[in-house]
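K.L.:
Provide a 3D model corresponding to the input given below.
(4 chains)
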2 protein chains.
Amino acid sequence: MSLRHALLALLTAQPMSGYDVTKVFDRSETFVWHAPHSQIYPELRRMEVEGLIAAESSQRGRHGIKRMYSVTAPGRAELRRWVCEQMPPEPIRDAQRLKSAYLEFGSLDNARRQFKAHLEHYELWERLWESHVVQLRARATPLNRTGIRGDSIPWK
Amino acid sequence: MSLRHALLALLTAQPMSGYDVTKVFDRSETFVWHAPHSQIYPELRRMEVEGLIAAESSQRGRHGIKRMYSVTAPGRAELRRWVCEQMPPEPIRDAQRLKSAYLEFGSLDNARRQFKAHLEHYELWERLWESHVVQLRARATPLNRTGIRGDSIPWK
DNA sequence: GAGGCCATGTAAATGGTTACATGATTGC
DNA sequence: GCAATCATGTAACCATTTACATGGCCTC
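P.N.:
Reported below is the predicted structural model:
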């Protein structure tokens, strides 16, 4: 159940609306987590009910309400709990690797095409990732002397 | 929907029962595809109904029936179709990477523990993978002159 | 006859995808 | 007034996980 923690993590950067989160998560080129808005909005609501995030609501027209969510103290505690928890490694389910193991059922030309597309995709992805990292670095603030961030609830 | 193609691919090696497939797929250390038996048995049944595989049944006690499945001609055709089809890259949903980006919410000690566990796991995995590959190579048969395998339905 | 592995299922719950649906605000 | 983008939701479906459930065969 990591959609929840991805949302929590993203919202620690700054308060955001569901729509803002969607712009980050709902694109083919995400860097760590993908989710469509149909998954994001209900999950944000559940997290609000459970007190992990809080909404600042504002009216929009006669029907709509816009909600800016921010992480609460329990939310930060949950994020820290999750960060410290050991997760079992995720089961492997890799369609590309599966296919590559059975390319012999197609033609040589097809194998070349598949590998080429794969390479091109991930070369592009890597370039995007690298420029993303450059931007992150530019915005980064140094860690404090304890080397940690967040509030004062102690970890074990 | 690649569970289906993983099953198809595995069954091309030799006829197998659902239980045999399970032994390959239902373990924490799979190499390309993981699935529990509760997913495997129903899918095999559906594939049989659709004619992609055929079952050789044998009685087991008063209630049980054991089924040995093998891939049919339509099944091989479907596998080849899938192998030749370009798949869109899978959306990224990587809990480990997500966590590693937010380790600053935990302690330095915790970060070390997490990275260490990760490393140990994948070092073991890599060793297993390498010995698996050695075994596969020992059993491999050379490709024929066309460099392809399967039956005579032509590909484009 | 007990324990381990062979063998096969179903059911409930959760997580994720795709499609349907609506309306507001902003800038041209 | 039109288009793009802001903004939010629901519903149906499919894939996956976890738990429940049963019985056969073989060897000690």
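
K.L.:
Quick check: the residue of chain A nearest DNA strand D.
P.N.:
When distances are taken as Cβ to the nearest atom of the strand, chain A reaches nearest to DNA strand D at A:Ser38, 3.1 Å away. Placement of C-beta: from N, CA and C, glycine included.

K.L.:
Show me what the helix ranked longest in chain A is packed up against.
P.N.:
Criterion DSSP state H: the longest helix present in chain A is helix A:108-139. Packing partners of helix A:108-139 (3 or more Cβ pairs under 8 Å, 6 or more residues apart in numbering or on different chains; DSSP states H and E): helix A:95-101.

K.L.:
List of residues touching the helix it packs on?
P.N.:
Helix A:95-101 has contacts (Cβ atoms under 8 Å, 6 or more residues apart in numbering or on different chains) with A:114-115, A:118, B:2, B:5-6, B:9, B:32-33, B:82-83, B:87, B:89-90.

K.L.:
how about a cut-off of 7 Å?
P.N.:
Here helix A:95-101 makes contact (Cβ atoms under 7 Å, 6 or more residues apart in numbering or on different chains) with A:114, A:118, B:2, B:5-6, B:9, B:32-33, B:83, B:87, B:90.

K.L.:
Who wins on neighbours among these?
P.N.:
B:Ala6 (26 neighbours; other Cβ atoms under 10 Å in any protein chain shown).

K.L.:
Could you confirm that residue falls within a strand?
P.N.:
No: if the criterion is DSSP: H, G, I helix; E, B strand; the rest coil, then B:Ala6 is helix and not within a strand.

K.L.:
And the spatially most central residue of chain A, how far from B:Arg27?
P.N.:
With distances taken as Cα atoms, centre = their mean, the residue of chain A nearest its centroid is A:Trp33 (3.4 Å). Per Cβ to Cβ, to the nearest Å, A:Trp33 is found 27 Å from B:Arg27.

K.L.:
Repeat that for A:Pro89.
P.N.:
For A:Pro89, the distance to B:Arg27 under the criterion Cβ to Cβ works out to 12 Å.

K.L.:
Mind checking which of these two has more residues around it?
P.N.:
It is A:Pro89, of A:Pro89 and B:Arg27, that has more neighbours when counted by other Cβ under 10 Å, with 14 against 11.

K.L.:
secondary structure element for A:Thr22?
P.N.:
Using DSSP states H and E, A:Thr22 sits within helix A:18-25.

K.L.:
Return the residues of chain A in contact with DNA strand C.
P.N.:
By Cβ under 7 Å from any atom of the strand, the part of chain A that sits against DNA strand C consists of A:1-3, A:34-36, A:38-39, A:60-64.

K.L.:
out of these, which are buried?
P.N.:
Buried by 16 or more other Cβ atoms under 10 Å in any protein chain shown: A:2-3, A:34-35, out of the residues of chain A next to DNA strand C.

K.L.:
rewinding a little: include secondary structure and distance to A:Gln135 when you put the residues of chain A next to DNA strand C into CSV, please.
P.N.:
Listed next are the residues of chain A next to DNA strand C as CSV, based on DSSP: H, G, I helix; E, B strand; the rest coil; distance: Cβ to Cβ, whole Å:
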residue, secondary structure, distance to A:Gln135
A:Met1, coil, 29
A:Ser2, coil, 24
A:Leu3, helix, 24
A:His34, coil, 20
A:Ala35, coil, 22
A:Pro36, coil, 25
A:Ser38, helix, 29
A:Gln39, helix, 26
A:Arg60, strand, 30
A:Gly61, coil, 35
A:Arg62, coil, 39
A:His63, coil, 37
A:Gly64, strand, 32
